[in-house]
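**Student:** My questions are about this predicted structure, shown below with the sequence.
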Amino acid sequence: MSARGDGAPELRVPDGEPVYSREGGFAVFNQLGVKLDFPESVSDTDYYAWLDDTKAAIGSLVEGAEIAEKSYARTEPRMNTGVYYDTADHRLLRGDMVLRTTCNIKTHAFCAFKFGADEHGVRRDHRYSFEGQDKRTVQLQPDSPEAAAVVQRLLAREDIDQPGVHLRKATGLTGDDLFPAIRLRQFRHPFFVWVDGRDALRCTMDRARVVDLRAPDPEATEASFSEVEFPVYPRLDADMARDPRVPRLIRVLSGLLQERFGVDYVADSKYRRAARTLGMAWT
């Protein structure tokens, strides 16, 4: 197996900053990685055949590399739900920014403000993890008025660092300017890549179904797309973040996927991909 990785950005972690930092419920994640379109026509079986071949080859392509999966990853893919918030005229969509909640019914619920990818493939993500009743509300009814009220209360807080602080700095917008625009439900098929036995990448193939929450009948607008992501592991060790094998792994995996399925790189956020899939225009 070879690995050309044509068209990839020149991947590089930010100088002088950690990949991931956290204080209390708030975290900043400089997410380095790439995304590739994945054809809806390609079955999960064919995808996993590629992954099995890649598992067998990766150690010979990148020294010390190994691919691992959770025991249930193939039989019980995790479903996450994202709700994207925006102004009435989609200012965040037009500005290639994202304000969303993401949740899984069993594990987590958070709110994030995220910039689009820079020239080095880094998407800066500011996220706050919900707890208690707010967490449960978002998990159980992610696109409900009750969940939107949870988000607006968070974005208005001035006593903690939270996504609304960075939203205001970047755009001048507040939570009062935003309301739900798109819901995305995705089944995630994850795998991990280790280097010398340490976490390096957390990758996934995602099957997404999206609806326009502002349409008269949102469910009638449902559309779908799929993509594969090769990003760094969030809590990447500082020395691993500077290891040249990490960006090489991303390029190698991308090249192998391109060679098998003829796929292209995706620069758009999932928000923009969802909007395109739903036929929405923002320019």
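**Tutor:** That came in fine, so what should we check first? Residues are numbered from 1 along each chain as shown.

**Student:** Show me the beta-bridge partners of residue 113.
**Tutor:** residue 99, residue 126 (DSSP bridges).

**Student:** Contacts only, for it.
**Tutor:** 97-99, 125-127, 163-164, 166-167, 170 (CB atoms under 8 Å, 6 or more residues apart in numbering). (C-beta placed from N, C-alpha, C; glycine too.)

**Student:** For the protein, which helix or strand comes out least confident on mean pLDDT?
**Tutor:** helix 238-241 (a mean of 88; mean pLDDT, DSSP states H and E).

**Student:** before we move on, back to that, now which of the contacts of residue 113 would you call buried?
**Tutor:** Among those, the ones that count as buried by 16 or more other CB atoms under 10 Å are 97-99, 125-127, 163-164, 166-167.

**Student:** Relative to residue 42, which of those is nearest.
**Tutor:** residue 98 (26.5 Å; CB to CB).

**Student:** from what I can see the closest one touches residue 90, true?
**Tutor:** No - the pair residue 98 and residue 90 does not pass the contact test of CB atoms under 8 Å, sitting 11.7 Å apart.

**Student:** follow-up on the earlier one: so which of the contacts of residue 113 is the closest to residue 264?
**Tutor:** Using CB to CB, residue 98 comes nearest to residue 264 of these, at 21.4 Å.

**Student:** Distance of the closest one relative to residue 61?
**Tutor:** Per CB to CB, to the nearest Å, residue 98 is found 33 Å from residue 61.

**Student:** In terms of helices and strands, where is residue 51?
**Tutor:** According to DSSP states H and E, residue 51 maps onto helix 44-61.

**Student:** still on that earlier bit, packing partners for the least confident helix or strand of the chain?
**Tutor:** Where contact means 3 or more CB pairs under 8 Å, 6 or more residues apart in numbering; DSSP states H and E, helix 238-241 is packed against strand 198-212.

**Student:** Figure out how far the helix or strand just after the strand it packs on is from the centre of its chain.
**Tutor:** Next along the chain after strand 198-212, taking DSSP H and E as the criterion, comes strand 223-231. Distance of strand 223-231 from the chain centroid (CA atoms, centre = their mean, to the nearest Å) equals 9 Å.

**Student:** Now strand 223-231: average pLDDT?
**Tutor:** Average pLDDT, strand 223-231: 97.

**Student:** for it, which positions count as buried?
**Tutor:** Residues of strand 223-231 classed as buried: 225-231 (neighbour count, 16+ other CB under 10 Å).

**Student:** just stretch 191-207 next, same as before
**Tutor:** Neighbour counts over stretch 191-207 (16+ other CB under 10 Å) mark 191-195, 199-207 as buried.

**Student:** With stretch 38-58 instead?
**Tutor:** For stretch 38-58, burial by neighbour count (16+ other CB under 10 Å) applies to 38, 47-48, 50-51, 54, 57-58.

**Student:** returning to that earlier point: right, and out of the contacts of residue 113, which lies closest to residue 105?
**Tutor:** residue 127 (18.5 Å).

**Student:** Quick check, the closest one in contact with residue 29.
**Tutor:** Yes - between residue 127 and residue 29 there is a contact under CB under 8 Å: 6.8 Å.

**Student:** From residue 178, how far off is residue 218?
**Tutor:** Counting by CB to CB, the gap from residue 218 to residue 178 is 17 Å.

**Student:** okay, these two: which has more neighbours?
**Tutor:** Looking at residue 218 and residue 178 with other CB atoms under 10 Å, you find the greater number of neighbours at residue 178, namely 22 against 16.
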